[in-house]
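Q: have a look at this fold, sequence not included:
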């Protein structure tokens, strides 16, 4: 998995075993034997004890699996009133509380994708040299060295920094054996836990309906429906980087604010020398004299101590990247050593955990649905029936799904996510009917006999478009995710990339697809062979006018600007990327006997 994160340039020496092992009798990483906690300098080996796992989860308020919920009482009430006592006018009303059952896939993901039993290895571009920190270039070019799997290009005893001693790199296949733990790079893997305070979602549903009989065969109904849902599950990166600390850390080093999200990583070679602690060097950005505190990791300048952002785990709340500190120091910098030198930096100590993004399923999502439905129906009589229905509805929520691609733009500003739902559809009209020729025409003459036993059934649907989220594709707020950032809106309505370290001003789901309209028609002709055998000849047509009905549109702001069309309420149309079916015909024969 590749991510757009600057690669730290570090002088490395081989490191010892960074492999997690077994805990509480179950395998955390296949192929690693159970052992006691190693002594320094390999103290950073994580998850050899169950306490490490629990401490890491407790520090972020997450868990594996769902907590038990035993107090879900769901009262409901419904009434119906025949106003005149004659069946002409009816009023129905109901209200109730309904609890949801979370998807079991969430529990499965939280148990497996915990950075212990199964690791999501995040690899960055880098040098193909086997002595460089483990990176994607080495894996794809076959230059990873591991003592557990000899390679024809690796000298005896060479271990690529960051790889586990038990890692089996398959030279001929340019991949790791998926039954062994490969190791860690400068960006720690993501996890998919469940929030420790997770609650089951519930919905308050209420409806009120008025039904009036117009004739013996026709009735009109008008109904209102409200659904208010609370504690909806949604993904949030609860370990998102603290960007303000990244900026201040850079200011301490460069004596200015960063101009882009690349330089704030301080990944250029030479910024953190590997000379002895206490030695001095000239800051290449300011010309000032700085001192080395921890080689390649922490330096001291006139504005305070500065730590390598990669070592700081990009200032994620969980704590530093202790694994990377061990790798760049050849195992000399243990957790205890690094923690002892963090005073004066902007990085606080943390628990021993291989956590990058922690995309937890939390239960603080909310949604409201308000809908009005007007329905006119006629039951079958005098050779025809029909149903005409119009629905006006509005759905508002702050997250529409469980996918991690739908993380909020800013994990610390969830109010900005409240908007129309992805499935919000403001208007929808549907008409369906059935028209048959009178039975008496079978015995008629001329045209009546020809058109006897015909059935015509049309369906007409007209509906408004659905919202979609407009994205930039750039990580402008530097939270290490380029899948959620939205653009800024200029006074003339054009969309632009926000300045570095900021979030877009465009609201969520401000794009909209074009409206939908379609006419489907079914025509059936019955041919009778006596009283017991009938052959139906069926012809069906879909989207008879061959209208282009947009199914999806490009979410990228460049396509939105290029398309240049605005929708109702200041929404944006975009370049269509998918369409519903064009005009289609199908024919069939049905024999009844």
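A: Perfect, I can see it now. Note that this is a predicted model, so its numbers are computed, not measured.
Q: how near is the residue lying farthest from the centre of the chain to residue 529?
A: Going by CA atoms, centre = their mean, the residue of the chain most distant from its centre is residue 445, 66.2 Å out. Here residue 445 is placed at a distance of 21 Å from residue 529 (CB to CB, to the nearest Å). To be clear about C-beta, it is placed using only N, CA and C from the backbone, and glycine gets the same treatment.
Q: before we move on, the earlier item: and the residue farthest from the centre of the chain, how far from residue 534?
A: From residue 445 across to residue 534, the span is 22 Å (CB to CB).
Q: please apply the same query to residue 434.
A: Noted for residue 434: a distance of 18 Å to residue 534, by CB to CB.
Q: could you chop this structure up by domain?
A: Domain ranges of the chain: 243-315+319-340, 408-592, per automatic domain parsing.
Q: looking at those domains, spot the one closest to residue 88.
A: domain 408-592 (24.5 Å; CB to CB).
Q: for the closest one, how far is the first residue from the last?
A: One end of domain 408-592 to the other measures 57 Å (CA to CA, to the nearest Å).
Q: before we move on, what about stretch 190-202?
A: For stretch 190-202, the end-to-end distance is 29 Å (CA to CA).
Q: I'd say residue 143 and residue 134 touch.
A: No: taking contacts as CB atoms under 8 Å, residue 143 lies outside contact range of residue 134: 10.5 Å.
Q: any common contacting residues for the two?
A: residue 160 (CB atoms under 8 Å, 6 or more residues apart in numbering).
Q: who's more crowded, those two?
A: residue 134 (29 against 22; other CB atoms under 10 Å).
Q: which ones are touching the residue lying closest to that one once chain neighbours are set aside?
A: Nearest residue to residue 134 in three dimensions, chain neighbours excluded: residue 162, at 3.4 Å (CB to CB, 6 or more residues apart in numbering). With contact set as CB under 8 Å, 6+ apart, residue 162 has these partners: 15, 18, 133, 134, 183, 184, 185, 323, 324, 327.
Q: so which elements touch the longest strand belonging to the chain?
A: As assigned by DSSP state E, the longest strand anywhere in the chain is strand 359-381. Contacts defined by 3 or more CB pairs under 8 Å, 6 or more residues apart in numbering; DSSP states H and E place strand 359-381 against strand 194-195, strand 218-237, strand 384-397.
Q: now with 10 Å?
A: strand 62-63, helix 104-112, strand 194-195, strand 202-213, strand 218-237, strand 384-397, strand 427-436 (3 or more CB pairs under 10 Å, 6 or more residues apart in numbering; DSSP states H and E).
Q: and that strand, average pLDDT?
A: For strand 359-381, mean pLDDT rounds to 96.
Q: how deep is the nearest residue to residue 378 once chain neighbours are set aside tucked in, by neighbour count?
A: Excluding the flanking residues, the one nearest residue 378 by CB to CB, 6+ apart is residue 218, at 4.6 Å. For residue 218, the tally of surrounding residues (other CB under 10 Å) stands at 15.
Q: so what's residue 218 scoring on pLDDT?
A: pLDDT, residue 218: 97.
Q: looks like it contacts residue 380 (just checking).
A: No: Residue 218 is not in contact with residue 380 according to CB atoms under 10 Å; the separation is 11.6 Å.
Q: so residue 253 sits in a strand?
A: No: using DSSP: H, G, I helix; E, B strand; the rest coil, the assignment for residue 253 is helix, not a strand.
Q: which SSE is the residue nearest to it when sequence neighbours are not counted in?
A: Excluding the flanking residues, the one nearest residue 253 by CB to CB, 6+ apart is residue 306, at 4.6 Å. Assessed by DSSP states H and E, residue 306 sits inside strand 304-307.
Q: could you point out which element follows that strand?
A: helix 322-328.
Q: packing partners of that following helix?
A: helix 335-340.
Q: now do the helices in the stretch 1-150 of the chain.
A: For the stretch 1-150 of the chain, applying DSSP state H, counting those that start in this stretch gives helices covering 50-60, 104-112, 136-141.
Q: what does the second one contact?
A: Going back to what we said before, that points to helix 104-112. Contacts to helix 104-112, defined as CB atoms under 10 Å, 6 or more residues apart in numbering, come from residues 57, 62-66, 103, 117-118, 191-195, 198, 233, 235, 359-361, 402, 404.
Q: and the residue nearest to residue 378, what does it touch?
A: For residue 218, the contact set (CB under 10 Å, 6+ apart) comprises 212, 376, 377, 378, 379, 381, 385, 386.
Q: and the strands in the stretch 51-200 of the chain?
A: Ranges of strands in the stretch 51-200 of the chain, per DSSP state E, counting those that start in this stretch, are 62-63, 76-82, 89-99, 169-170, 175-176, 194-195.
Q: so which of the ones you listed gets nearest residue 571?
A: When these are compared by CB to CB, strand 89-99 sits nearest residue 571, at 31.7 Å.
Q: and that closest one, what does it pack against?
A: With 3+ CB pairs under 10 Å, 6+ apart as the test, strand 89-99 has strand 76-82, strand 202-213, strand 218-237 packed against it.
Q: just want the angle from that strand to strand 202-213.
A: 170 degrees (axes from the mean of the first three to the mean of the last three CA atoms, to 10 degrees).
Q: and the gap between residue 62 and residue 366?
A: Distance from residue 62 to residue 366, by CB to CB: 21 Å.
Q: so for the two, which sits in the more crowded spot?
A: Neighbour tally, residue 62 and residue 366, criterion other CB under 10 Å: the higher count belongs to residue 62, 25 against 17.
Q: so who does the nearest residue to the more buried one once chain neighbours are set aside touch?
A: Excluding the flanking residues, the one nearest residue 62 by CB to CB, 6+ apart is residue 193, at 3.7 Å. Neighbouring residues of residue 193 by CB under 10 Å, 6+ apart: 56-57, 60-65, 106, 109-111, 113-115, 238, 355, 358-362.
Q: again, but for residue 173
A: residue 142.
Q: what pLDDT does the model give it?
A: On pLDDT, residue 173 comes in at 84.
Q: returning to that earlier point: which of the domains of the chain is buried the deepest?
A: Ranked by mean neighbour count, the domains of the chain are led by domain 243-315+319-340 with a mean of 20 (mean count of other CB atoms under 10 Å).
Q: what number of residues are in the vicinity of the nearest residue to residue 372 once chain neighbours are set aside?
A: Among residues not flanking residue 372 along the chain, residue 392 sits closest, at 4.9 Å (CB to CB, 6+ apart). By other CB under 10 Å, 15 other residues sit near residue 392.
Q: residue 392 and residue 373 touch, don't they?
A: Yes: taking CB under 10 Å as the definition, residue 392 is a contact partner of residue 373 at 8.1 Å.
Q: which residues are common contacts for these two?
A: Common neighbours of residue 392 and residue 373 (CB under 10 Å, 6+ apart) are residue 428.
Q: so the closest residue to residue 440 other than its chain neighbours: helix, strand or coil?
A: Nearest residue to residue 440, sequence neighbours excluded (CB to CB, 6+ apart): residue 448, at 7.9 Å. With three-state DSSP as the basis, residue 448 sits in helix.
Q: any idea how far residue 448 is from residue 436?
A: For residue 448, the distance to residue 436 (CB to CB) stands at 13 Å.
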